[in-house]
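Student: Provided below for reference: sequence and predicted model.
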Protein chains: 2
Amino acid sequence: MKIFDKAIETRMDRKCTFVALGGGVIGDMCGFAAASFLRGVNFIQIPTTVMAQVDSSVGGKTGVNHPLGKNLIGAFYQPQCVLVDTDTLNTLPDRELASGIAEIIKYGLIRDAPFFEWQEKNMEALLARDAGAFAYAIKRSCENKAEVVSLDELEGGVRATLNLGHTFGHAIETRLGYGEWLHGEAVAAGMAMAADMCVRMGWIDKSLQSRILSLLERAKLPTAPPRHLTTEMFRSTMSLDKKVADGKLKMILLKGSLGNCLFTSDFDPKALDATLAAFCDK
Amino acid sequence: MKIFDKAIETRMDRKCTFVALGGGVIGDMCGFAAASFLRGVNFIQIPTTVMAQVDSSVGGKTGVNHPLGKNLIGAFYQPQCVLVDTDTLNTLPDRELASGIAEIIKYGLIRDAPFFEWQEKNMEALLARDAGAFAYAIKRSCENKAEVVSLDELEGGVRATLNLGHTFGHAIETRLGYGEWLHGEAVAAGMAMAADMCVRMGWIDKSLQSRILSLLERAKLPTAPPRHLTTEMFRSTMSLDKKVADGKLKMILLKGSLGNCLFTSDFDPKALDATLAAFCDK
């Protein structure tokens, strides 16, 4: 509403351009405002965090949170351009940096085994903010995301795989209160939980789970949710997930060798029970 | 926000359908909520007023008001279907009926001279809520609107002609407070003001102006704004209009024989001055 107020007070017209300079929240909020102001005006993304550079600025998803859930209100709306400058990362706090790396790790897991292997070799360079390493990681991430989105802009199928770890992750963020954990931290814990579930169903080997946990740990990311979150908290928040259809939760799960995943409701509910029991005190 | 709250509380998912049963405000609001909930869900319009049946339910414009202006926040979003039942008009108040007829008159003026002539013969049947006459008028109106919208869904050009009388009309509605005058009443007064301006510039004959005023009067519609609105009120509100581009107001104006109009900023500003002076006490 502040964006709308300002735009109207300063008499912006349909030919104006909204510029989102900042992290993912700024981009999502500004993008939704651009989509809705006068039923749609031009919009440019200048993401200044790793998270926004590798994920939220690409693909046209915009939105704002509702007190009961994340990003429940929004629009699919593409920016006219996305401008990424790795210099903006020099002043990014360490936790924010790691949070963005969680999404980079995700691309390797869901569809790009060679990229995951590159990260296993270059994680320290990323943490040291090596500009060359980051330029490569951002480019490769955006290419992966753009390929997935171009196959499925409105999220009917394969696009959902970009949400690996996010179903658990959103529950963590919602229950802790937004901002307590960063998005990528919650996603990292969520990916560890998803890997645990997949091992229980025999969908992936323990050795792959170990590589995932090891890479997350090297990136200084959490591999489990805070233990005081209860299984009931996860269940009730996950039932509000956008990926629930016909009352059934669909999840993104790993299956087979590194780089393969599924978006499915056809998983063993007992494996989900066991994973929640393993990660929650009660 | 009430729609979002309810949708989330009742755990609606992406496969849900929003149904807008009511007049234009319900349709616009419900449509924008459908466009934004989970970034877009299905949506059906069941308009129950003449205004909504002949205008707002067709074309995919959705939106809500901002305290500083009408429909400034919204989306272009098409319903899966629009269901019109003329039986719903039997209980519509007379003023609401007339308000919708203003838009029917508009279609004749901007592009359909034979339809305007049909209205000149059948206005009393419409006011008597003759089902056959209404079915014809609604069908013909929707055909006109659909043709215009299909030529220009995102309102780059010809679609704007559907807003004949609306620039003045929005100013009237905004300054009186929404709801004081019905939308079609404000549009009727706006069309009379536009006709006055066009006569001053020599764009239309006085005889056409007389036919317009006569048809509006027969429909029990106003042909002038409340006299206490000032020229300054019109000017400041019109400068916030969505149709302002590069600081210049574009207006829909009649030119030539019945059924012809222009969307242009290339009009004589002195004619606008004279029209405002003629319709306002100060």
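Tutor: Now that the structure is in, tell me what you want to look at.
Student: use CA for all of it now, contacts and neighbours both
Tutor: OK.
Student: Return the per-residue confidence for residue A:241.
Tutor: pLDDT for residue A:241: 69.
Student: and residue A:229, what element?
Tutor: Mapping residue A:229 onto the secondary structure by DSSP states H and E places it in no helix or strand at all.
Student: Hmm, it is touching residue A:280, no?
Tutor: Yes. If you go by Cα atoms under 8 Å, residue A:229 and residue A:280 touch, sitting 6.1 Å apart.
Student: Can you show me the strands along the stretch 1-150 of chain A?
Tutor: Secondary structure of the stretch 1-150 of chain A (DSSP state E, counting those that start in this stretch): strands located at A:17-22, A:42-47, A:61-66, A:69-76, A:81-82.
Student: Next one: the nearest residue to residue A:184 once chain neighbours are set aside relative to residue A:204, how far apart?
Tutor: Closest residue to residue A:184 apart from its sequence neighbours, by Cα to Cα, 6 or more residues apart in numbering or on different chains: residue A:99 at 3.9 Å. Separation of residue A:99 from residue A:204 (Cα to Cα, to the nearest Å): 25 Å.
Student: Of those two, which one has the most company?
Tutor: Neighbours per residue (other Cα atoms under 10 Å in any protein chain shown) separate residue A:99 from residue A:204, with residue A:99 holding more: 25 against 21.
Student: Tell me who's in contact with the more buried one.
Tutor: By Cα atoms under 8 Å, 6 or more residues apart in numbering or on different chains, the contact set of residue A:99 is A:50, A:51, A:182, A:183, A:184, A:185, A:221.
Student: what sits against the first one?
Tutor: So that's residue A:50. The contact partners of residue A:50, by Cα under 8 Å, 6+ apart, come to A:89, A:96, A:97, A:99, A:100, A:101, A:138.
Student: can you rerun that using 6 Å?
Tutor: Residue A:50 is in contact with residue A:100, counting by Cα atoms under 6 Å, 6 or more residues apart in numbering or on different chains.
Student: Which strands or helices does the helix or strand residue A:189 falls within pack on?
Tutor: Per DSSP H and E: residue A:189 is located in helix A:183-200. Judged by 3 or more Cα pairs under 6 Å, 6 or more residues apart in numbering or on different chains; DSSP states H and E, helix A:183-200 is in contact with helix A:94-111, helix A:166-176.
Student: For the first one, buried residues please.
Tutor: To tie it back to what came earlier, the one meant is helix A:94-111. Going by neighbour count (16 or more other Cα atoms under 10 Å in any protein chain shown), the buried part of helix A:94-111 is A:95-111.
Student: Over to stretch A:208-217?
Tutor: A:208, A:209, A:212, A:213, A:215, A:216.
Student: near chain B, which residues of the stretch 51-200 of chain A show up?
Tutor: Neighbours of chain B within the stretch 51-200 of chain A, by Cα under 6 Å from any Cα of the partner chain: A:72, A:73, A:74, A:75.
Student: Out of these, give me the one that has the most neighbours.
Tutor: Top of these by neighbour count (other Cα under 10 Å): residue A:75, with 27 neighbours.
Student: you'd agree residue A:49 is up against residue A:23?
Tutor: Yes. Residue A:49 lies in contact with residue A:23 (Cα atoms under 6 Å); the separation is 5.2 Å.
Student: higher neighbour count, those two?
Tutor: The neighbour comparison of residue A:49 against residue A:23 (other Cα under 10 Å) goes to residue A:49, with 26 against 20.
Student: By mean pLDDT, which helix or strand of chain A comes out lowest?
Tutor: When the helices and strands of chain A are scored by mean pLDDT, DSSP states H and E, strand A:244-245 comes last with a mean of 70.
Student: Note down every partner strand of the following helix or strand past that one and its orientation.
Tutor: Scanning forward in sequence from strand A:244-245 by DSSP H and E, the next helix or strand is strand A:248-249. Applying DSSP bridges, strand A:248-249 is found paired with strand A:244-245 (antiparallel).
Student: Not counting the partner strand itself, show me its contacts.
Tutor: Residues outside strand A:244-245 that contact it (Cα under 6 Å, 6+ apart): residue B:13.
Student: Reformat the strands of the stretch 1-150 of chain A as TSV; add mean pLDDT.
Tutor: Listed next are the strands of the stretch 1-150 of chain A as TSV, based on pLDDT from 0 to 100:
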stretch	mean pLDDT
strand A:17-22	97
strand A:42-47	96
strand A:61-66	90
strand A:69-76	87
strand A:81-82	94
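Student: Just put those in a markdown table and tack on distance to residue B:175.
Tutor: Below are these laid out as a markdown table (distance: least, Cα to Cα, whole Å):
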| stretch | distance to residue B:175 |
| --- | --- |
| strand A:17-22 | 28 |
| strand A:42-47 | 29 |
| strand A:61-66 | 32 |
| strand A:69-76 | 31 |
| strand A:81-82 | 39 |
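Student: Which one of the ones you listed lies nearest to residue B:236?
Tutor: strand A:17-22 (22.9 Å; Cα to Cα).
Student: tell me what that closest one is packed against?
Tutor: Where contact means 3+ Cα pairs under 6 Å, 6+ apart, strand A:17-22 is packed against strand A:42-47.
Student: ok, now with 8 Å
Tutor: helix A:24-36, strand A:42-47 (3 or more Cα pairs under 8 Å, 6 or more residues apart in numbering or on different chains; DSSP states H and E).
Student: Please consider this matter closed, and thank you.
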